[in-house]
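# any chance you could fold what I've pasted below:
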Amino acid sequence: MTLLVRYGEIGLKGRPIRRQFENILLGNIHRALSWAGIEHRTDRQRGRLYVDADDDDAALAVLQDVFGIVSVSPAIETSADLPAIASAAASFASHIPPGESFAVRATRTGSHDFTSQDVGVAAGQAVVDTTGAPVDLNVPDGEIGIEVRDNYAFAFDVSVDGPGGLPYGSQGSTVAVVHDEDDLQAAWLMMRRGCTTTFVCRPGMEQAIHEQLRWRPADVVTENGDLLSRAETLAVQRNAQGLVTGGEHYEKRHLPVFYPLLGYREVTR
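Next up is the predicted model:
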């Protein structure tokens, strides 16, 4: 199997910036998989990243935590011709429970002598011939995806969500003030926006922060006094762009203070 990795916002960037962000994302994928002890190889092509790993299930679990990844699909890679694509699609026939319907969703990038509709028809017929399962293009019980990309095609029937956002380390740096789990969630949201984050926390929160960071470099400072003041001093020393907190106590500081949980608060009247 090949793990087909999709990103979202990166694809909206111009070519030079997109390439830069892809490089950062690939570097993060490498660090995350290496941290987990998973042997792997990566590649890229036209808006897709590919990972070949020695343990697909373990790699899939790790990639779900990598910022910038929208979804991942374990896929069968084959050549971009209709018989090979149909055969790959039929490989998933055993995953369709008796009596359940299915649909084939096909996309195509590059120049071919067939259309995406041709791919869907050929792949769907191969599954019907194998299982007799009914086709339902509107509300199927399951779906088989086909992506044809130049000389290769990928067939899959599972897409696992990633956290999305931007690659960690692609934006500026922040210092997170961590009193509790709300502050930790606020820091996570800023990390999801690509911000490299240093943590200033109360003693006892270190373990929770390290579990949050996992394969990312851990820069954690403990403080018994005023966390916000210590964080601001540290941010100035390290040229960080701002502070992060999950609290609702607003203070004017020399640096911007980000409150990313504000949009998640329940409004009461």
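
# quick one, what contacts the spatially most central residue of the chain?
Compute the mean C-alpha point of the chain, and by C-alpha atoms, centre = their mean the closest residue is Ile69, 2.0 Å away. Contact analysis of Ile69 by C-beta atoms under 8 Å, 6 or more residues apart in numbering lists 5-7, 25, 29, 63, 162-164. Just so you know, the C-beta spots here come from the backbone N, C-alpha and C atoms, and that holds for glycine as well.

# same check on Phe199?
For Phe199, the contact set (C-beta under 8 Å, 6+ apart) comprises 175-176, 178, 187, 209, 219-221.

# what about 6 Å?
Counting by C-beta atoms under 6 Å, 6 or more residues apart in numbering, Phe199 touches 176, 178, 209, 220.

# among these, which two are most distant?
Using C-beta to C-beta, the contacts of Phe199 reach their maximum pairwise distance at Ala176 and Val220, which is 9.7 Å.

# each with direction, which strands does the longest strand anywhere in the chain pair with?
Scanning the chain for the longest strand, with DSSP state E as the assignment, gives strand 69-79. Applying DSSP bridges, strand 69-79 is found paired with strand 2-7 (antiparallel), strand 152-156 (antiparallel), strand 160-161 (antiparallel).

# now do the SS call for the nearest residue in space to Gly124 that is not next to it in sequence.
Excluding the flanking residues, the one nearest Gly124 by C-beta to C-beta, 6 or more residues apart in numbering is Val104, at 4.5 Å. Assigned by DSSP: H, G, I helix; E, B strand; the rest coil, the conformation of Val104 is strand.

# so what's Val104 bridging to?
Ile144.

# who are the contact partners of it?
120, 123-124, 144.

# quick one, helices of the stretch 101-250 of the chain?
116-131, 181-192, 206-213, 227-237 (DSSP state H, counting those that start in this stretch).

# want to throw the ones you listed into TSV with mean neighbour count and distance to Gly11?
Shown next, in TSV, are these (neighbours: other C-beta atoms under 10 Å; distance: least, C-beta to C-beta, whole Å):
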stretch	mean neighbour count	distance to Gly11
helix 116-131	18	19
helix 181-192	19	17
helix 206-213	15	27
helix 227-237	18	32
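
# verify the contact between Val220 and Gln207 for me.
No: if you go by C-beta atoms under 6 Å, Val220 and Gln207 don't touch, sitting 9.9 Å apart.

# measure the closest residue in space to Gln171 that isn't next to it in sequence to Ile69 for me?
Nearest residue to Gln171, sequence neighbours excluded (C-beta to C-beta, 6+ apart): Gly194, at 3.6 Å. For Gly194, the distance to Ile69 equals 13 Å [C-beta to C-beta, to the nearest Å].

# got the phi/psi numbers for the closest residue to Ile96 other than its chain neighbours?
What sits nearest to Ile96 in space, not counting adjacent residues and going by C-beta to C-beta, 6+ apart, is Ala133, at 4.9 Å. Note on Ala133: backbone dihedrals following degrees, to the nearest 10 are phi -70, psi 140.

# understood, closing this out.
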